[in-house]
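S.K.: sequence plus the predicted model coming up.
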Amino acid sequence: MNQAPALLSIAFLLVVFVTVYFLYLASNKSKLVLVVSGIWLIVQSGLSLSGFYLKTNSIPPRFLLLVMPPMVLLLVLFFRKKGREFIFSFNLKSLTLLHVVRLPIELILFWLCTIKWVPELMTFEGRNVDIISGITAIPIVLIAFRRNQISRNILLIWNFLALLLVINVMVHGMLSSPSPLQQFAFDQPNIAVLHFPFNLLPSFIVPVVIFSHITSLIILLRSK
């Protein structure tokens, strides 16, 4: 198996730190967000470095530990009163700007494809068009937040469509990973997520992106 270049790993870690920073800004600089994010990143990094995710034939798949805890946390936030109050405190503009990280992520996925760590279907040459979200994030901020007025309909449409795009790549990523649940890319499975630091993509960056979209949609719908 080809080794991931050090520069690629460093570039990905920089994107992780940028994601944490944007999430911190969007939460109005909540220390709780920093602490929870830091603990989760340390836990997932430790599991990956220990080789925990390299056992791919276990039942239930160990891969689920990457994605399930963040999703459960999101559900708890959305369905508890204090969680919803916390969500409503987020800054809509910062939540939108956060999605610029999806552009370098797509370039990193393409790089990982060239070294046979992810299948082509997970790149913009395959079934993944999530790069559109990263490219359009800054223009959407410039268009939707002009003169202290928010273009609500533009943000609703963009967040909904971009949410569908990230769910598409998340599903393909899960079903391309080596596990009893694998459905795609048997000739070149998604092995990147089994290794540090790329396991932080499904365990941190993707949940943050999904959280940002759903939170933005809730804030926009509530504002009506």
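M.R.: Nice, thanks for sending it over.

S.K.: can you give me the strands in the protein?
M.R.: With DSSP state E as the definition, the chain shows strands at residue ranges 145-146, 149-150.

S.K.: averaged pLDDT, stretch 130-137. What do you get?
M.R.: This predicted structure assigns stretch 130-137 an average pLDDT of 95.

S.K.: how about that stretch: buried residues?
M.R.: Along stretch 130-137, these residues count as buried under the neighbour rule (16 or more other CB atoms under 10 Å): Asp130, Ile131, Ile132, Ser133, Gly134, Thr136, Ala137. From N, CA and C alone the C-beta is placed, and that goes for glycine too.

S.K.: also stretch 40-59?
M.R.: Counting neighbours by 16+ other CB under 10 Å, one finds that the buried residues in stretch 40-59 are Trp40, Leu41, Gln44, Ser45, Leu47, Ser48, Tyr53, Thr56.

S.K.: which of these lies closest to Ile150?
M.R.: The closest of the buried residues of stretch 40-59 to Ile150 turns out to be Trp40 (CB to CB; 30.9 Å).

S.K.: which residue is the nearest non-sequential neighbour of that closest one?
M.R.: Phe204 (6.5 Å; CB to CB, 6 or more residues apart in numbering).

S.K.: ok, the least confident helix or strand in the chain by mean pLDDT: who's next to it in the sheet?
M.R.: Evaluated with mean pLDDT, DSSP states H and E, the helix-and-strand set of the chain has its lowest mean pLDDT in strand 149-150, which scores a mean of 74. As defined by DSSP bridges, the strand partners of strand 149-150 come to strand 145-146 (antiparallel).
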